[in-house]
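> What follows is a protein structure lacking sequence information:
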C-alpha cells in the first residue's frame, strides 16, 4: 500500500504524494460540514476530482483524519487583486495560506487579466478567478482615478496630486479598465467591443445615481461618480441579453433600490459601507420593504463592512470610539435584517493587497455575525457568487473534491480556521 507519514498532523497512507497530480482519496474518521453543522463520517471519497460515496478502483492515498474537521475552501467574492501581475506571488501565497481557492475580481484591466491568467496557467495555480474586467461608469467617474494613473505609471499618491490635470486628460485605460457610458448611444457604440473582452460578469457603478446630473457639473466629484439611471437600465437589459450576471457598486439606499428595479444580481457593497460614524444614516438605511423585495428577487450582497474604518477620525480617540460605536450599531441593524430575510451574503475585502480575512476578522471581532453565518458566507455563499455554474462550496457527492482540514469545530472555536492542517483542491494535495 505504501508508507505511513505524518502530514501537518493528519495521518496519510500513500503510494505517492504530489502537490500537482490529482489523486483518488479515501478519507476516514472525520467530521464534515453539512452547511449548518458537522456530521461524523467513517469514510468518504474523492474520485476523479469529485466527492463520491463509492470507493474508486484505485485509491492513491488514504487520509485518516483522526477526528479532525473538514470544511469547504474559502471564496472571496469581491476583490481587486489579480487586476495586474504586480504583487501577484505574495497574494497567491496569502490566498493559499488562508485557504481561499476562488475569487471574484470586480474591476481590472482586461489586458492585465490576460497576463495574470497566463501566469496562473503556467504555474498550475490552485486559484480560480472570475473577472468583470473594466467597470462601467460615466466620464471621469469611478474607477477612472484609480486605473488611469496606474496606466500612466503613476503609483505615488503625491505624484497623482501633482499631475492631476495631466491625469484627467489621459485615456490610456479607457475601454480596458473602465468604460465611459454617458448615454444609451455610448452603450450601443461600445457594447460589442466590451463583449470581445469576454467578461464573466458585468459591473456598473451606481454612486448616488439619483443626483448624477448634479454631480456631472461638480468638478470635486471627479473619480466619485457613476452612471445615470437611464444608462443603468439599458446596460442591465444588454447584460441579460448576453446571459451575464449584473454586479453593482452602490453607495446609498436609493442606489440599492434602483439596483433592485433594474435587476442587479449582486450588490458589491451594503448601502452606507463607507459611513464614518458621524451624521445621520437616513440616506443609507433600507426599510423592511427593501429587504423583502431583495429577498424575493434572490439578490446577493458582499457588504465590505470593514471599509468603514477608513472614515474614522484620525486624531481624537474619544471621537473615534464614538464613531465606531455608531458604525457598528448601523451595521448590526443591517446584518440582522438581511439574515432575517434570508438574503445571501458573501465576503470580500475590495482592497488591493488585502484578502478575504480582512473582512472576516472585522465581522468576527465585532460580533456582527455568528460563527455559522460567517462560515456560510466564506464557503457556500462565496463559491456560489464566484462560480454559480460549478458544484463548489459544499461537501456533497458529485461536488468538486476540494476541502480544508481543521483541528477543531469552527462553530465553537472560530479561531481554528487560522490553523489549516491540509488543503486539497479537486483531489490535489496542495501543502
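Looks like it arrived, so ask away. All values derive from a computational prediction rather than experimental measurement.

> Helices along the stretch 251-400 of the chain, start to end?
Applying DSSP state H, counting those that start in this stretch to the stretch 251-400 of the chain gives helices spanning 253-262, 288-297, 317-340, 356-365, 371-376, 382-386.

> Looking at the ones you listed, spot the one closest to residue 120.
Distance to residue 120, taken as C-beta to C-beta, is lowest for helix 382-386 among those, at 14.8 Å. The C-beta positions use only the backbone N, C-alpha and C, and glycine is treated the same way.

> Between the helices of the stretch 251-400 of the chain, which one is closest to residue 410.
Nearest of those to residue 410, taken as C-beta to C-beta: helix 371-376 at 5.8 Å.

> Show me what the closest one packs onto, helices and strands only.
helix 356-365 (3 or more C-beta pairs under 8 Å, 6 or more residues apart in numbering; DSSP states H and E).

> just to revisit the earlier point, most tightly packed of the helices of the stretch 251-400 of the chain?
The highest average neighbour count among the helices of the stretch 251-400 of the chain, using mean count of other C-beta atoms under 10 Å, belongs to helix 382-386 at a mean of 27.

> Phi, psi for residue 240 please.
phi -60, psi -40 (degrees, to the nearest 10).

> which stretches of this protein have low pLDDT?
For the chain, the stretches flagged by pLDDT under 70 are 1-20.

> re earlier: distance to residue 189 for the helices of the stretch 251-400 of the chain - can I get that in CSV?
Formatted as CSV, those follow (distance: least, C-beta to C-beta, whole Å):
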stretch, distance to residue 189
helix 253-262, 21
helix 288-297, 30
helix 317-340, 38
helix 356-365, 37
helix 371-376, 43
helix 382-386, 31
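
> give me the element the residue lying closest to residue 262 once chain neighbours are set aside is part of.
Distance criterion C-beta to C-beta, 6 or more residues apart in numbering; nearest residue to residue 262, sequence neighbours excluded, is residue 236 at 4.1 Å. Assigned by DSSP states H and E, residue 236 belongs to helix 229-242.

> what does that helix contact?
Helix 229-242 is contacted from outside by 136, 138, 181-184, 186-187, 191, 195, 202, 204, 206, 209-210, 212, 227, 245-246, 258, 261-264, using C-beta atoms under 8 Å, 6 or more residues apart in numbering.

> and it, which residues are buried?
Buried residues in helix 229-242, counting neighbours by 16 or more other C-beta atoms under 10 Å, are found at 229, 231-236, 238-239.

> Assign the spatially most central residue of the chain to helix, strand or coil.
For the chain, the residue sitting closest to the mean C-alpha position, by C-alpha atoms, centre = their mean, is residue 77 at 1.6 Å. Following DSSP: H, G, I helix; E, B strand; the rest coil, residue 77 is assigned to strand.

> those helices in the stretch 51-200 of the chain, which residues are they?
Using DSSP H, counting those that start in this stretch, helices in the stretch 51-200 of the chain cover 88-98, 110-122, 144-151, 157-162, 164-169, 184-196.

> and the fourth one, what does it pack onto?
Under the contact definition 3+ C-beta pairs under 8 Å, 6+ apart, helix 157-162 sits against helix 144-151.

> what does the helix it packs on rub up against?
84, 109, 134, 137, 155, 159-160, 163, 167, 170-173, 176-178, 222-223.

> The helices of the stretch 251-400 of the chain: which one's closest to residue 25?
It's helix 382-386; of those, that one is closest to residue 25 (C-beta to C-beta) at 20.0 Å.

> immediately after that closest one, which helix or strand?
For helix 382-386, the succeeding helix or strand toward the C-terminus, using DSSP H and E, is strand 403-406.

> partners of that next one in the sheet?
strand 69-71 (antiparallel), strand 420-425 (antiparallel) (DSSP bridges).

> Give me the neighbour count for the nearest residue to residue 137 once chain neighbours are set aside.
Computed as C-beta to C-beta, 6+ apart, the closest residue to residue 137 that is not its neighbour in sequence is residue 205, at 4.4 Å. When neighbours are defined as other C-beta atoms under 10 Å, residue 205 has 27 of them.

> which residues does residue 205 bridge with?
residue 249.

> Quick one: residues contacting it.
Residue 205 makes contacts with 135-138, 141-143, 225-227, 248-249, as judged by C-beta under 8 Å, 6+ apart.

> Over to residue 408?
Contacts of residue 408 by C-beta under 8 Å, 6+ apart are 69, 416.

> same thing with residue 358?
Per C-beta under 8 Å, 6+ apart, neighbours of residue 358: 306, 349, 351.

> now do residue 377
Contacts of residue 377 by C-beta under 8 Å, 6+ apart are 345-347, 369.

> Take the residues you listed and lay them out in JSON lines including distance to residue 147 and neighbour count.
Shown next, in JSON lines, are the contacts of residue 377 (distance: C-beta to C-beta, whole Å; neighbours: other C-beta atoms under 10 Å):
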{"residue": "345", "distance to residue 147": "27", "neighbour count": "26"}
{"residue": "346", "distance to residue 147": "24", "neighbour count": "28"}
{"residue": "347", "distance to residue 147": "24", "neighbour count": "29"}
{"residue": "369", "distance to residue 147": "32", "neighbour count": "24"}
